[in-house]
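Enquirer: Okay, here's the prediction I keep looking at, along with the sequence it came from:
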Amino acid sequence: MKKVAVYCGASTGNDDSYQQATKELAHALVERDLELVYGGGGVGLMGTLANEVLINGGKVHGVMTKQLVEREAAFDKLTDLQVVDNMSIRKEKMLTLSDACIALPGGPGTLEEIIEAFSWARLGNNSNPCIFYNVNNYYEPLEKMFDTMTEKEFLTMADREKLLFSDSLDEIFNFMATYVPPKIRTYN
């Protein structure tokens, strides 16, 4: 494992624990010699994460759409920034560059990106483990929804076990190290 895609908010949220957890994740990535792949922004939790990785000697790879670059949203201190045409290409590029996916607290974009990564894993198009860094139970309602999907048989238990919700970095990195992609869905 060399690179980790992290999805997170372009805002910091209203709880200091989100920024603290973002910094802790940044330190954990650098300590494990893992490079960051993220959306390329310099504000919110995205900016906190990238800056913290960089000031601690890590590498940060941004992937951003032309539209956002033109709005001057790009963080100017990155190891490298790939500019792509649209969000669909951005999401695919981030998955291609990375070996794991983690979602910090964030908004609809954060949620959409990590859910798509998990969905693609079930189809065989993404071999990366998908993790929700569940800071202060931020993702608890979503975790319950995935449990309901499993209970109502829209998601298999085997696939549900391939998605981690945790507030422990040790558990998160252990999950990543021992992850085996889900069996590719068949329809026979």
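Expert: Okay, I see it.

Enquirer: Just give me how far the helix or strand where Asn174 lies sits from the chain centre.
Expert: Using DSSP states H and E, Asn174 maps to helix 169-178. Relative to the centre of its chain, helix 169-178 is centred 14 Å away, using C-alpha atoms, centre = their mean, to the nearest Å.

Enquirer: Identify all contacting residues around it.
Expert: 1, 4, 24-25, 28, 32, 99-100, 102, 129, 131, 133, 164, 166 (C-beta atoms under 8 Å, 6 or more residues apart in numbering). The way it works is simple: take the backbone N, C-alpha and C, and place the C-beta from them, glycine included.

Enquirer: got it, and stretch 54-64?
Expert: Outside stretch 54-64, the residues touching it (C-beta under 8 Å, 6+ apart) are 3, 26-27, 29-30, 34-41, 50, 53, 73-75, 77-84, 90, 93-94, 97.

Enquirer: Any idea which helix or strand in this structure has the lowest mean pLDDT?
Expert: Ranking every helix and strand in the chain by mean pLDDT, DSSP states H and E puts helix 66-70 at the bottom, with a mean of 90.

Enquirer: Please name every helix or strand in contact with that one.
Expert: Under the contact criterion of 3 or more C-beta pairs under 8 Å, 6 or more residues apart in numbering; DSSP states H and E, helix 66-70 touches strand 80-84.

Enquirer: Show me what counts as buried in the strand it packs on.
Expert: Applying a neighbour-count criterion of 16 or more other C-beta atoms under 10 Å, the buried positions in strand 80-84 are Gln82, Val83, Val84.

Enquirer: which ones are touching the first one?
Expert: Read that as Gln82. Counting by C-beta under 8 Å, 6+ apart, Gln82 has contacts His61, Gly62, Val63, Met64, Lys93.
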